[in-house]
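Colleague: next one to model:
(one chain, ligands or ions: 1)
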Amino acid sequence: MTNQIRVRGIKVGGGAPVSIQSMCNTRTDDVEATVRQIRELVSAGCEIVRLAVPDKDAAAALGPIREAVPDVPLVADIHFDYRLALAAAAAGIDKIRINPGNIGAPEHVRDVANACRASGIPIRIGVNGGSLEKDMLAKYGGVTAEALVESAQKEIAQLERFDFTDICVSIKSSRVPVMIRAYRLMAEKSAYPLHLGVTEAGTPAMGIVKSAMGIGSLLCDGIGDTIRVSLSADPVEEVAAAKRILRAAGLRRDGPDIISCPTCGRTRIDLIALAEEVERRLAGCTKPITVAVMGCVVNGPGEARSADVGIAGGNGMGMLFRKGEQVRVVPQAELVDALMELIDEM
Ligand code: SF4
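Modeller: From the prediction side, this is the model:
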């Protein structure tokens with residue numbers, strides 16, 4: 001099991017539930033827009049929100065942002081300038097993402113470690129295939145899992161040197177097999193909690209597939225403590241995708257799991273429309289139930305029986321099941337209403 005860190009009210013690692021992160025894409029110095037987006041992300045289910053802090057203006061905005069969203073776990077994302085990290089810690093930010101190797105002088109690394117220690121906030125080391133050091137690239141002949149892990153270990157050592165171990169680590173690559181291998185290696189070598197992500201995954205169509213493969217396969221192996229899906233899209237979409245990945249990995253039951261068949265030549269009911277309507281009407285439901293929407297009586301009743309509730313269609317009619325018991329047969333037009341009534345009773 002990994003060590004545990006705490007990001008305001010959210011525990012990360014050490015067996016805590018895997019948390020969902022995203023990152024604002026507003027200008028951080030635009031306090032109003034950033035606060036609005038933080039609230040949107042939190043409403044969508046984001047548990048930790050990261051903000052880019054590229055300059056002094058962004059750092060100066062952190063105080064007002066902190067005041068506007070006092071309970072939201074906030075992470076300041078900083079490159080190179082250790083003074084911005086000190087300013088973020090002073091502004092009440094809950095975690096700093098910075099790589100000691102980018103800071104330069106050891107005394108500056110020490111200052112950041114001491115400031116974070118004094119504020120009780122962790123540091124995420126974020127190694128990224130796109131910014132791997134030249135010596136690592138030369139040693140390993142490119143961005144390999146081994147190169148990413150060695151780079152992360154070097155970064156970790158720079159903080160441990162100042163007795164700072166309140167650390168979380170990410171080792172991202174845009175290449176899914178490299179990312180998976182790197183995290184597996186890291187999990188063998190280190191007990192620091194792991195922040196999973198496929199970096200620069202692309203637009204939602206392919207980016208969600210890459211993220212589900214990379215993040216999802218690691219989660220199924222028990223690796224990973226917090227996740228961020230990176231998409232070229234509204235970050236709210238990242239949160240929705242992250243929630244689905246956690247549900248698919250069996251790590252979240254904060255809503256219904258809908259099982260529906262792909263339809264085939266046996267289907268005698270408008271199953272696709274039915275499944276879409278069920279999904280739409282259950283969008284806000286938080287019951288941890290399994291709902292089956294099946295197109296025929298060949299496989300349908302079996303699946304519907306093992307679900308908490310379900311329907312199996314045929315010739316414009318559908319059978320309604322609850323906990324393995326057939327409830328009744330209703331015409332297609334009434335099926336979804338009847339299913340919703342059953343779910344309301346649960
Ligand atoms: Fe075809 Fe029935 Fe299977 Fe749906 S459940 S894919 S209709 S056999």
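
Colleague: get me the contact residues on the stretch 201-346 of the chain for the ligand.
Modeller: Contact residues, the stretch 201-346 of the chain versus the ligand (CB under 6 Å from any ligand atom): 261-264, 266-267, 294-296, 298-300. All C-beta atoms are positioned from the backbone trio N, CA, C, and that covers glycine.

Colleague: who wins for most neighbours among the residues you listed?
Modeller: When neighbours are counted as other CB atoms under 10 Å, the busiest of those turns out to be Met294, with 30 neighbours.

Colleague: quick check: closest non-adjacent residue to that residue.
Modeller: Spatially, and ignoring its direct neighbours in sequence, Met294 is nearest to Gly300 (3.1 Å; CB to CB, 6 or more residues apart in numbering).

Colleague: wait, the one you found touches Met317, no?
Modeller: No - using CB atoms under 8 Å, Gly300 is not in contact with Met317; the gap is 12.0 Å.

Colleague: where does this structure have its least confident helix or strand?
Modeller: One helix or strand of the chain scores below all others by mean pLDDT, DSSP states H and E: helix 300-306, with a mean of 73.

Colleague: name the residues that touch stretch 156-170?
Modeller: Residues outside stretch 156-170 that contact it (CB atoms under 8 Å, 6 or more residues apart in numbering) are 3, 5, 12-13, 95, 100-101, 106, 109-110, 113-114, 116-117, 120-128, 152, 186, 190, 192-197, 225-226.

Colleague: okay, the residues of the stretch 201-346 of the chain next to the ligand in TSV with secondary structure next?
Modeller: Shown next, in TSV, are these (DSSP: H, G, I helix; E, B strand; the rest coil):
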residue	secondary structure
Cys261	coil
Pro262	coil
Thr263	coil
Cys264	coil
Arg266	coil
Thr267	coil
Met294	strand
Gly295	coil
Cys296	coil
Val298	coil
Asn299	coil
Gly300	helix
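
Colleague: what's the domain layout of this structure?
Modeller: Using automatic domain parsing, the domain parsing of the chain gives 4-248, 257-345.

Colleague: re the thing from before, give me the buried entries from the contacts of stretch 156-170.
Modeller: Neighbour counting with 16 or more other CB atoms under 10 Å marks 3, 5, 12-13, 95, 100, 109-110, 113, 116-117, 121-128, 152, 186, 190, 192-197, 225-226 as buried within the contacts of stretch 156-170.

Colleague: what's the closest non-adjacent residue to Tyr140?
Modeller: Ala147 (3.8 Å).

Colleague: number of residues surrounding the one you found?
Modeller: Neighbours of Ala147 using other CB under 10 Å come to 25.

Colleague: now do the SS call for it.
Modeller: With three-state DSSP as the basis, Ala147 sits in helix.

Colleague: same check on Ile20?
Modeller: strand.

Colleague: tell me the spacing between the nearest residue to it once chain neighbours are set aside and the ligand.
Modeller: Nearest non-adjacent residue to Ile20, counting by CB to CB, 6+ apart: Ala242, 4.4 Å away. Look at Ala242 and the ligand: by CB to the nearest ligand atom, to the nearest Å, they are 29 Å apart.

Colleague: ok, and the closest non-adjacent residue to the residue in the stretch 51-200 of the chain positioned nearest to the ligand?
Modeller: Of all residues in the stretch 51-200 of the chain, the one sitting closest to the ligand is Val176 (29.4 Å; CB to the nearest ligand atom). Excluding the flanking residues, the one nearest Val176 by CB to CB, 6+ apart is Gly214, at 4.6 Å.
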